[in-house]
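> sequence unavailable; structure follows:
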């Protein structure tokens, strides 16, 4: 992954950063700090590696530019985690906005150059990353409004949040259309399908953040939409769990490590954070308990995926060394 990163390589930062926030919500301070440092360090390394790899990515392919929205989301997650450091927050906010604008233009061009049928044929869970990144940007704008007291930023955050929801609806329509057209069976599960839930979870967190800074007359509608996005995110969980267990039971080989499994960890952590926000908003101890359960599920998944990734990297390194040794002989 380090030598030839995928466009969505920043998903590991998203997953680690959101777990750091979830740990902080549940008062595991030392764990939150450790994960926060790890997410920040990983972000720095990946930015350097990605700068050298960008020439190898086909930026005319919508699948590439859509997956690159993980960078925007990673900036937004770290921005939320490092909110106590104003300078870092401003820098990450500017970087996230600049990257979002560039990717929005490229993705719009790429999607417009393809027919609707072609888009439907290639749509998959990772395309929801555009909505994830946009919701992340809405959170950043809402935080700026909170710290500056400027209601103008609250309006910007609200507009971006609504755009994120529209993007989610469009991408979900394409994915479900493809599923219906291909009559995708229950073995069609991929790890990135969980972003269907994760995109709604981060929209919920964005709505919760905006609710705290928006004008009084808008607070009610914002809260209502936030509750709906959380309920829809919750509704995705049972079918997603069923599909993954069914496929694993039929084909255990699908558990083989790929970078796509980080796309499962992030939605679990994001749902924990979003549900903690709902627990505060609805004064619901039950939601707080659900949030804690999902935090530990997400952390367990994070450990499994991280260990599997390290083992895979070690095996690849050994294989490369053996090939090099054979060549020299």
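Done, it's in. Note that this is a predicted model, so its numbers are computed, not measured.

> looking at the chain, which helix or strand is least sure?
Taking mean pLDDT, DSSP states H and E as the measure, the chain has helix 285-328 as its least confident helix or strand, at a mean of 78.

> tell me where the stretch 1-150 of the chain is predicted with low confidence.
Scanning the stretch 1-150 of the chain for pLDDT under 70 picks out the ranges 1-4.

> one more pass at 90, please.
1-9, 49-59, 79-94, 115-118, 120-126, 143-150 (pLDDT under 90).

> quick one, helices of it?
Counting by DSSP state H, counting those that start in this stretch, the segments of the stretch 1-150 of the chain that form helices are 11-25, 29-53, 62-67, 69-81, 86-112, 116-122, 129-148.

> nearest to residue 288, out of the ones you listed?
helix 11-25 (9.1 Å; Cβ to Cβ). All C-beta atoms are positioned from the backbone trio N, CA, C, and that covers glycine.

> that closest one - contacts with which helices or strands?
helix 29-53, helix 69-81, helix 262-282, helix 285-328 (3 or more Cβ pairs under 8 Å, 6 or more residues apart in numbering; DSSP states H and E).

> which outside residues touch it?
29, 31-33, 35-36, 38-39, 42-43, 46, 70, 73-74, 77-78, 80-81, 132, 259, 262-263, 265-266, 269-270, 272-273, 276, 291, 295, 298-299, 302, 305 (Cβ atoms under 8 Å, 6 or more residues apart in numbering).

> try 7 Å this time
31-32, 35-36, 38-39, 42-43, 46, 70, 73-74, 77-78, 80-81, 262-263, 265-266, 269-270, 272-273, 276, 295, 298-299, 302 (Cβ atoms under 7 Å, 6 or more residues apart in numbering).

> got the angle between that helix and helix 262-282?
Using axes from the mean of the first three to the mean of the last three Cα atoms, to 10 degrees, the direction of helix 11-25 lies 30 degrees away from that of helix 262-282.

> begin at 5 from here
Understood, numbering begins at 5; the last thing we discussed is helix 15-29.

> now helix 15-29: how far from the chain's centre is it?
Distance of helix 15-29 from its chain centroid, counting by Cα atoms, centre = their mean, to the nearest Å, is 10 Å.

> next up, phi/psi of the nearest residue to residue 92 once chain neighbours are set aside, please.
Closest residue to residue 92 apart from its sequence neighbours, by Cβ to Cβ, 6 or more residues apart in numbering: residue 86 at 4.9 Å. When read as degrees, to the nearest 10, the backbone of residue 86 gives phi -100, psi 30.
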